[in-house]
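**Student:** Attaching a predicted model along with its sequence, questions to come.
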Amino acid sequence: MASWDKDPVLRVEHVTMRFGGLTAVKDLSFTAGRGEVTALIGPNGAGKTTVFNCITGFYKPTTGMFALHHRDGAVHLLERMPDFRIARTAKVARTFQNIRLFGGMTVLENLLVAQHTPLMIASGMTVLGILGLSRYRNAEREAVDRARYWLEQTRLLDRADDPAADLPYGDQRRLEIARAMCTGPELLCLDEPAAGLNPRESLELNKLLLGIREREGTSILLIEHDMSVVMEISDHVVVLEYGTKISDGTPAEVKNDPRVIAAYLGVDDEEVEKVEHQLDAMAEDAR
């Protein structure tokens with residue numbers, strides 16, 4: 001049994017998503033392992049972002065189930081929850097392909113906004129905060145400490161008071177991840193975090209994500225086109241083509257799967273066997 005099946009943080013079972021006559025995702029099932037990095041890959045239009053939108057509550061699937069398993073044993077059926085409860089109660093955090101920071105706020109303020117809900121609860125919905133009672137002051141101190149911690153982890157502490165919009169592109173990417181981590185997620189969903197990064201920035205991203213997995217024990221589900229990122233940090237890779245799963249396994253298994261190679265090369269289904277034979281011949285020549 002694969003590691004991701006032994007202790008799953010997310011189980012996706014028979015999910016189909018239709019938009020009118022278009023089927024964007026068809027009968028999709030896979031698991032994401034707790035404390036692992038799971039990559040969802042595939043050619044453009046494969047349905048990857050649709051799956052993310054279903055997990056995070058932007059869409060409700062036509063059929064199927066998304067079960068989020070917490071460390072404490074609680075199970076949340078995401079398809080039955082509104083998006084704000086998926087974030088607050090199920091503890092699923094997300095970043096976007098197009099960066100969505102509050103550009104006019106400082107870097108630090110972006111991380112404090114991510115902790116708005118616990119701060120509002122601690123303030124008694126503003127009353128205790130206005131009175132300056134200790135309960136709110138303690139919560140505020142904890143929020144600032146958590147923000148500082150993630151600024152240190154993302155090497156942005158010296159930019160804490162700068163407007164987020166003034167950061168270079170790569171720093172904005174890391175800030176968005178830091179903001180998501182300030183919510184204390186069980187599952188961190190990253191939509192193309194390496195998009196637009198140069199090789200040095202991609203390497204820094206790899207280190208950051210591996211650190212999040214190892215130090216925090218946070219499970220990560222990512223969509224990514226940069227195969228150097230996918231193959232370097234992923235424990236488990238799921239491949240989609242036209243909304244259907246065509247491969248599911250370790251990075252090495254997926255990398256050598258003829259169906260995956262054919263999909264990325266744009267080869268027709270009937271030519272997959274030819275690609276497989278070519279791979280076998282190449283392997284034989286290498287020996």
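**Tutor:** On my side now, so go ahead.

**Student:** right, and the helix or strand after the helix or strand of the chain with the lowest mean pLDDT?
**Tutor:** Every helix and strand in the chain was compared by mean pLDDT, DSSP states H and E; the lowest is helix 127-131, with a mean of 51. Per DSSP states H and E, the first helix or strand lying C-terminal to helix 127-131 is helix 134-153.

**Student:** Kindly format the C-alpha coordinates of that next one as PDB.
**Tutor:** Extracted in PDB, the C-alpha atoms of helix 134-153 (Å, rounded to 0.1, in the frame of the first residue of the first chain):
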ATOM      1  CA  SER A 134      -5.600  41.200  28.300                       C
ATOM      2  CA  ARG A 135      -7.400  38.500  26.200                       C
ATOM      3  CA  TYR A 136      -7.200  40.600  23.100                       C
ATOM      4  CA  ARG A 137      -3.700  41.900  23.800                       C
ATOM      5  CA  ASN A 138      -2.400  38.400  24.200                       C
ATOM      6  CA  ALA A 139      -4.100  37.300  20.900                       C
ATOM      7  CA  GLU A 140      -2.600  40.300  19.200                       C
ATOM      8  CA  ARG A 141       0.900  39.500  20.500                       C
ATOM      9  CA  GLU A 142       0.500  35.900  19.300                       C
ATOM     10  CA  ALA A 143      -0.600  37.100  15.800                       C
ATOM     11  CA  VAL A 144       2.400  39.400  15.500                       C
ATOM     12  CA  ASP A 145       4.800  36.700  16.700                       C
ATOM     13  CA  ARG A 146       3.300  34.200  14.200                       C
ATOM     14  CA  ALA A 147       3.700  36.800  11.400                       C
ATOM     15  CA  ARG A 148       7.300  37.500  12.400                       C
ATOM     16  CA  TYR A 149       8.000  33.800  12.400                       C
ATOM     17  CA  TRP A 150       6.800  33.400   8.800                       C
ATOM     18  CA  LEU A 151       8.500  36.500   7.700                       C
ATOM     19  CA  GLU A 152      11.700  35.000   9.000                       C
ATOM     20  CA  GLN A 153      11.000  31.700   7.200                       C
END
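
**Student:** That helix - contacts with which helices or strands?
**Tutor:** For helix 134-153, the packing partners by 3 or more CB pairs under 8 Å, 6 or more residues apart in numbering; DSSP states H and E come out as helix 107-113, helix 116-122, helix 127-131, helix 169-181. Just so you know, the C-beta spots here come from the backbone N, C-alpha and C atoms, and that holds for glycine as well.

**Student:** Flag every buried residue along that helix.
**Tutor:** Judged by neighbour count (16 or more other CB atoms under 10 Å), helix 134-153 contains these buried residues: 136, 139, 140, 143, 146, 147, 150, 151, 153.

**Student:** how big is the angle separating it from helix 169-181?
**Tutor:** Helix 134-153 runs at 140 degrees relative to helix 169-181, counting by axes from the mean of the first three to the mean of the last three CA atoms, to 10 degrees.

**Student:** that older thread, mean pLDDT lowest for which of the helices and strands packed on helix 134-153?
**Tutor:** For these, mean pLDDT drops lowest on helix 127-131, to a mean of 51.

**Student:** In CSV, list the buried residues of helix 134-153 along with pLDDT and distance to residue 113.
**Tutor:** Formatted as CSV, these follow (pLDDT from 0 to 100; distance: CB to CB, whole Å):
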residue, pLDDT, distance to residue 113
136, 66, 17
139, 74, 15
140, 82, 13
143, 90, 10
146, 94, 13
147, 95, 10
150, 97, 13
151, 97, 14
153, 96, 18
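
**Student:** Which member of those is positioned nearest residue 95?
**Tutor:** Nearest to residue 95, judged by CB to CB, of the buried residues of helix 134-153 is residue 150 at 13.3 Å.

**Student:** re earlier: want to throw the buried residues of helix 134-153 into JSON lines with distance to residue 208?
**Tutor:** Formatted as JSON lines, the buried residues of helix 134-153 follow (distance: CB to CB, whole Å):
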{"residue": "136", "distance to residue 208": "32"}
{"residue": "139", "distance to residue 208": "27"}
{"residue": "140", "distance to residue 208": "26"}
{"residue": "143", "distance to residue 208": "21"}
{"residue": "146", "distance to residue 208": "17"}
{"residue": "147", "distance to residue 208": "16"}
{"residue": "150", "distance to residue 208": "10"}
{"residue": "151", "distance to residue 208": "12"}
{"residue": "153", "distance to residue 208": "7"}
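
**Student:** Great, nothing more from me.
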